[in-house]
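Undergrad: 3D model of this:
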Amino acid sequence: MTANNTNGGTGGGVRVVQIDDERAGQRLDNFLLGQLKGAPRSLIYRILRTGQVRVNGGRAKADQRLSAGDSVRIPPVRLTESRDDAPGPSPKQIATIEKAIVFEDDWLLALAKPSGIAAHGGSGVRFGAIELIRAARPNASLELVHRLDRDTSGLLLIAKKRTALLQLQALMRDGGITKQYLALLVGRLKGDSFTVDLPLERGKQGGERMVRVGDDGKDSVSHFKVLERRGGHSYVEVRIDTGRTHQIRVHAAHLGHPVAGDDKYGDREANRRLREKAGLKRLFLHAASLEFALDEGRRPYLLNAPLPDDLSDALNRLG
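TA: Down below sits the predicted model:
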């Protein structure tokens with residue numbers, strides 16, 4: 001990737017950056033976020049909307065995919081142009097996300113994302129995991145590979161190079177990553193293992209966005225295996241073949257055994273009892289392991305994130 005002006009990402013003069021093979025296929029807005037370090041998304045979208053950013057001399061939209069050889073005109077910007085003049089993440093937030101790194105090499109890093117931190121900013125969330133890790137590594141090229149619900153803890157993959165991002169996204173799309181979760185389900189499951197193969201579709205209920213089982217939905221497959229039964233509830237391992245939004249939570253609720261602590265699809269009375277008896281204050285769902293291989297199988301990975309202390313404590317209190 002080359003530029004004919006190197007006055008910096010903010011301030012200075014106009015830069016024209018030529019896209020190399022490493023950046024081919026990247027969305028324009030994500031590319032600009034990497035080039036204009038510290039710029040909020042609102043500023044990125046504003047300079048796109050007003051035509052200040054040009055691709056091969058023409059106006060471009062935020063979701064345009066870049067190709068090798070494209071020339072991107074990047075205007076000089078001041079971070080004070082942001083309408084809300086919002087500060088960046090605090091040192092404490094940055095330290096929290098750095099502490100969450102459980103694996104790193106030259107291709108990717110893996111976070112054991114804490115519950116309560118979104119995967120990315122937006123919809124009222126100023127900083128998600130990707131914004132925080134970029135703030136911690138301001139000179140690195142970092143891209144979010146996949147999503148994880150805000151309330152779900154566990155493994156979140158961040159690509160450090162474009163080739164890793166494209167390979168990981170292809171594996172995610174084609175089922176080439178083995179994903180294992182740990183969850184506590186309300187009530188005692190009768191069998192020891194079973195598979196739920198029910199399509200899921202997005203909709204609204206009372207103005208709130210929901211996911212539900214529906215014939216017009218996308219194929220969704222979850223495999224449940226009971227590890228232990230404690231305090232009248234079931235501690236399970238869940239392996240998913242697909243990665244639909246809220247998949248495990250909706251499949252579990254459809255069976256009549258929702259995930260403990262689930263305020264959206266769960267049992268309010270059961271959640272109240274679990275708060276009182278076990279101190280469970282959040283969703284008991286944790287992305288525990290990911291297994292896959294990159295570089296045509298030459299780079300195998302088996303990544304693990306241990307069960308967080310708050311979930312372990314709740315489990316132990318159930319006896």
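Undergrad: and the residue lying closest to D106 once chain neighbours are set aside, what does it touch?
TA: Nearest non-adjacent residue to D106, counting by Cβ to Cβ, 6 or more residues apart in numbering: K160, 6.6 Å away. In short, each C-beta sits where N, CA and C put it, glycine included. Residues near K160 by Cβ atoms under 8 Å, 6 or more residues apart in numbering: D106, W107, L108, L109, A140, S141, L142.
Undergrad: which phi and psi does K160 have?
TA: Note on K160: its backbone torsions stand at phi -100, psi -10 [degrees, to the nearest 10].
Undergrad: okay, domains of the chain per the record?
TA: 2-81, 91-171, 177-317 (automatic domain parsing).
Undergrad: what are the ranges of the helices in this protein?
TA: For the chain, applying DSSP state H gives helices covering 28-35, 41-49, 91-99, 129-136, 162-174, 247-254, 268-278, 309-317.
Undergrad: any regions of the protein where pLDDT drops low?
TA: 1-12, 79-86, 123 (pLDDT under 70).
Undergrad: residue nearest the middle of it, spatially speaking?
TA: R147 (2.4 Å; Cα atoms, centre = their mean).
Undergrad: I'd say it and A119 touch.
TA: Yes: R147 lies in contact with A119 (Cβ atoms under 8 Å); the separation is 4.7 Å.
Undergrad: related to what we said a few turns ago, what's near enough to touch the residue nearest to the centre of the chain?
TA: Shown in contact with R147 (Cβ under 8 Å, 6+ apart): A119, H120, T245.
Undergrad: please report phi then psi for the residue lying closest to the second one once chain neighbours are set aside.
TA: Just to be clear, that refers to H120. Leaving aside its sequence neighbours, H120 sits nearest to G128 (Cβ to Cβ, 6+ apart; 3.9 Å). Backbone torsions for G128, taken as degrees, to the nearest 10, come to phi -100, psi -170.
Undergrad: quick one: G128 from N271, how far?
TA: 25 Å (Cβ to Cβ, to the nearest Å).
Undergrad: give me the number of residues near the closest residue to A60 other than its chain neighbours?
TA: Using Cβ to Cβ, 6+ apart and skipping the chain neighbours, the partner closest in space to A60 is L28 (5.6 Å). Neighbour count for L28, taken as other Cβ atoms under 10 Å: 21.
Undergrad: am I right that L28 is in contact with G58?
TA: No: L28 is beyond contact range of G58, at 11.9 Å (criterion: Cβ under 8 Å).
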